[in-house]
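> Okay, predicted coordinates and the sequence, questions at the end:
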Amino acid sequence: MPLPKTDTAENPASARTAVVEARNLVKRFQGMTAVSDMSLTLSAGEMVGLIGPNGAGKTTLFNLIAGSLKPTSGEIWIGGRDVSQDSPEKRITRGVGRTFQIPRPFLDMSVLDNVLAGAQAQDGEKLFANFLRPGHVRRQEQAAREKARALLDFVTLSGLESQPAKVLSGGQRKLLELARILMADPQAILLDEPAAGVNPALLETIMKRVIALNAQGKSILLIEHNMDMVSRLCSRVVAMAQGKPLAEGTPADVAADPAVIEAYLGGAA
Ligand SMILES: Nc1ncnc2c1ncn2[C@@H]1O[C@H](COP(=O)(O)OP(=O)(O)OP(=O)(O)O)[C@@H](O)[C@H]1O
């Protein structure tokens, strides 16, 4: 696994490989424009914060990148390919995983089975593969279970693998969702407000796991209102307002930017 590159004069973020690129995205819903001319690049090994007042268009941008929404215009590129017309499932195989503000696990399914649900294109689901190569399918299922268990260990939920997901707290559900998307080995991870509604102890665990994933080389785009978390995790922050980029730079510079302060005050008014 490659180590993340540091941002230096010889190796500026702009010169690194783009893992995710949003190009001039526009999304209109019945006359209202949620995203208007938004461009953003997430480079290999980068951890970027996406901030902005309520209604700025951050989650809509995630939906456009992950494919649950189609843009009115503009393009999404993942790993150097135009995926604008691809389904969300196809984009997962291209290397993007996303979490939701409010995770939606299968509540009555076990924690382990919820993680296994994140495995892509298992041969075991295919009738012909089962019929023709049952041994291969059994080995693949066994490997998936081992991987799911290792991921549950990574997100500190091992002890709960047989429990139904409904017993998990909100923060634990966020960790479960993280394990589920990791089953598909995403190169880029989109995290939608991982700190929201999470108790401080679990928040530390989530932050440590996110740092560990980034140290493994995964690129991370983080929507977060918790500026302390953004400052601790991200070297670059993009601020959005009214569907457009408003400012970009270090967390301290963006937080002190008068246009950003004005956007938040306007949003709170
Ligand atoms: N499916 C939809 N239909 C109509 N309008 C929508 C839809 N999804 C989002 N919007 C509108 O688009 C705008 C941007 O919403 P979005 O959820 O992307 O903002 P956000 O920056 O993620 O906000 P928050 O920080 O509150 O989550 C809002 O005005 C929202 O009401």
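Sure, I can see it.
> Can you measure across stretch 241-261, start residue to end residue?
11 Å (Cα to Cα, to the nearest Å).
> Flag the shaky bits of the stretch 151-269 of the chain, pLDDT-wise.
267-269 (pLDDT under 70).
> what ranges do the strands span in it?
For the stretch 151-269 of the chain, applying DSSP state E, counting those that start in this stretch gives strands covering 188-192, 219-223, 236-241, 244-249.
> how about the residues of this protein near the ligand?
29, 32, 34, 52, 54-60 (Cβ under 6 Å from any ligand atom). No exception for glycine: its C-beta is placed from N, CA and C like everyone else's.
> related to what we said a few turns ago, mind putting the strands of the stretch 151-269 of the chain in CSV, distance to Leu178 and mean neighbour count included?
Listed next are the strands of the stretch 151-269 of the chain as CSV, based on distance: least, Cβ to Cβ, whole Å; neighbours: other Cβ atoms under 10 Å:
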stretch, distance to Leu178, mean neighbour count
strand 188-192, 8, 25
strand 219-223, 11, 25
strand 236-241, 21, 23
strand 244-249, 26, 17
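> could I get these as CSV with distance to Met109?
Converted to CSV, those look like this (distance: least, Cβ to Cβ, whole Å):
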stretch, distance to Met109
strand 188-192, 22
strand 219-223, 27
strand 236-241, 35
strand 244-249, 39
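> which residues does the residue nearest to Ala144 when sequence neighbours are not counted contact?
Nearest residue to Ala144, sequence neighbours excluded (Cβ to Cβ, 6 or more residues apart in numbering): Ala119, at 4.8 Å. If you count contacts by Cβ atoms under 8 Å, 6 or more residues apart in numbering, Ala119 has them with 144, 147-148, 183-184.
> quick one: which two of the residues of the chain next to the ligand are the most distant?
Distance extremes for the residues of the chain next to the ligand: the farthest pair is Phe29 and Gly52 at 17.6 Å, using Cβ to Cβ.
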